[in-house]
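*Asks:* give me a 3D structure for the following:
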Amino acid sequence: MKVARRAAEIRVTEIAAKSILNRVRGMPFGWSINPYAGCAHQCVFCYARATHAYRELDGVTAWGSEIFAKVNAAAVLRGELRRYGAKVTEVAIGTATDPYQAIEGRYRITRGILGELARTRTPMHLITRSGLIVRDIDVLTAFAARAAISICFSLPTLDPVLARELEPTVAPPAKRLLAVRRLAEAGIRVGVGVAPVVPGLTDDRAALADVVRAAADAGASFVWHSVLNLGDVTRDAFFAYLDERQPELVKRYRAMYRLKYAPPDYTRDVGSRFAAAAASTELRPPQAIAPQAPPELTLFAR
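*Replies:* Numbering: from 1, shown residues only. Coordinates of the predicted model:
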């Protein structure tokens, strides 16, 4: 299975989005924003591969070949924030795409979105695998002075060789940790998600502890994990990867993943390993930027 594409092989289509804010149910956040549709990162485990079906594209072989840039995102968001007002609570950015994939360097759509959310003091959580986010430290520090924000880097492993297999076009682990450090030093709340934990590859106790320790050393103020799930489309892509690179694990995975999720006993076991790693590691966040209270309108009344 070909997974790594050069930039010249990726088609970028500019689109005018009708809506940017997505209402979310059953999650810790109430709203989500995805500045792009599709993602140039070709992570073999990505659950968002299934979203290609909406555009009649193959999420296994065509994932990462076409990205849709929502070039009017900031303007649309401004109108939606005005319309929904206080109903918009915490917003998660990057739930189905990386908001800092390479084309953000040219389009700056995510940067514009951050500006609009900061303007309305809307709490925000953003997840990425890219070091490009350090470009926007100025926007993020200004945002953090107005509303609560947190940034999370996905980091399944510290092994650069394994990382290249699982996330062929993503910044190496060391570069992601450097970006964590840069944001932490700027006073921005930043953490690391060991996501996903991949059975037989990144799930042993030592590997989990190494990632947690490295996150703490870089200045992360929180860590979390999630176990690999294999839904529609993602299952086909991941098994293609196993057949090619990890054939000795195929039998185990077919037994484990009869359904979308790993067996509960395995998930609990990984949770215990991760909890032990987190408990033995002291997270020492830097002095965070405290959001300022919004001005009281009565102070301006005559």
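
*Asks:* partners of whichever strand or helix holds Pro196, with directions?
*Replies:* Element membership for Pro196 (DSSP states H and E) is strand 190-197. Sheet pairing of strand 190-197 (DSSP bridges) gives strand 149-154 (parallel), strand 222-227 (parallel).

*Asks:* model confidence over the last one, on average?
*Replies:* Along strand 222-227, the predicted local confidence has a mean pLDDT of 97.

*Asks:* can I get the strands paired with strand 190-197 in CSV including mean neighbour count?
*Replies:* The C-beta positions use only the backbone N, C-alpha and C, and glycine is treated the same way. Shown next, in CSV, are those (neighbours: other Cβ atoms under 10 Å):
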stretch, mean neighbour count
strand 149-154, 23
strand 222-227, 18
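
*Asks:* out of those strands, which gets nearest to Val71?
*Replies:* strand 149-154 (23.9 Å; Cβ to Cβ).

*Asks:* which element follows the closest one toward the C-terminus?
*Replies:* The next secondary structure element downstream of strand 149-154 (using DSSP H and E) turns out to be helix 160-166.

*Asks:* rewinding a little: output the contacting helices and strands for the following helix or strand past the strand holding Pro196.
*Replies:* Next helix or strand after strand 190-197 toward the C-terminus (DSSP H and E): helix 205-218. With contacts taken as 3 or more Cβ pairs under 8 Å, 6 or more residues apart in numbering; DSSP states H and E, helix 205-218 sits against helix 173-185, strand 190-197, strand 222-227, helix 264-279.

*Asks:* what angle separates helix 205-218 from helix 264-279?
*Replies:* With axes from the mean of the first three to the mean of the last three Cα atoms, to 10 degrees applied, the angle from helix 205-218 to helix 264-279 works out at 40 degrees.

*Asks:* before we move on, the earlier item: indicate which one of the strands paired with strand 190-197 is closest to Asp269.
*Replies:* Checking those against Asp269 by Cβ to Cβ gives strand 222-227 as the closest, at 9.7 Å.

*Asks:* only C-alpha atoms, please: export the helix or strand just after the closest one in PDB.
*Replies:* Sequence-wise, the next helix or strand downstream of strand 222-227 (DSSP H and E) is helix 234-245. This file holds the C-alpha atoms of helix 234-245, laid out as PDB (Å, rounded to 0.1, in the frame of the first residue of the first chain):
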ATOM      1  CA  THR A 234      -9.700   2.600   8.700                       C
ATOM      2  CA  ARG A 235      -9.800  -1.200   9.200                       C
ATOM      3  CA  ASP A 236      -8.900  -1.800   5.600                       C
ATOM      4  CA  ALA A 237      -6.100   0.800   5.600                       C
ATOM      5  CA  PHE A 238      -4.600  -0.600   8.800                       C
ATOM      6  CA  PHE A 239      -4.800  -4.200   7.800                       C
ATOM      7  CA  ALA A 240      -3.100  -3.300   4.500                       C
ATOM      8  CA  TYR A 241      -0.300  -1.800   6.600                       C
ATOM      9  CA  LEU A 242      -0.100  -4.900   8.800                       C
ATOM     10  CA  ASP A 243       0.100  -7.200   5.700                       C
ATOM     11  CA  GLU A 244       3.000  -5.100   4.400                       C
ATOM     12  CA  ARG A 245       5.000  -4.200   7.500                       C
END
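
*Asks:* distance from helix 234-245 to the middle of the chain?
*Replies:* 21 Å (Cα atoms, centre = their mean, to the nearest Å).

*Asks:* what element comes up after that helix heading to the C-terminus?
*Replies:* Tracing the chain past helix 234-245, the next element assigned as helix or strand by DSSP H and E is helix 250-256.

*Asks:* before we move on, the earlier item: okay, the strands paired with strand 190-197 in a markdown table with distance to Val161 next?
*Replies:* Shown next, in a markdown table, are the strands paired with strand 190-197 (distance: least, Cβ to Cβ, whole Å):
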| stretch | distance to Val161 |
| --- | --- |
| strand 149-154 | 18 |
| strand 222-227 | 21 |
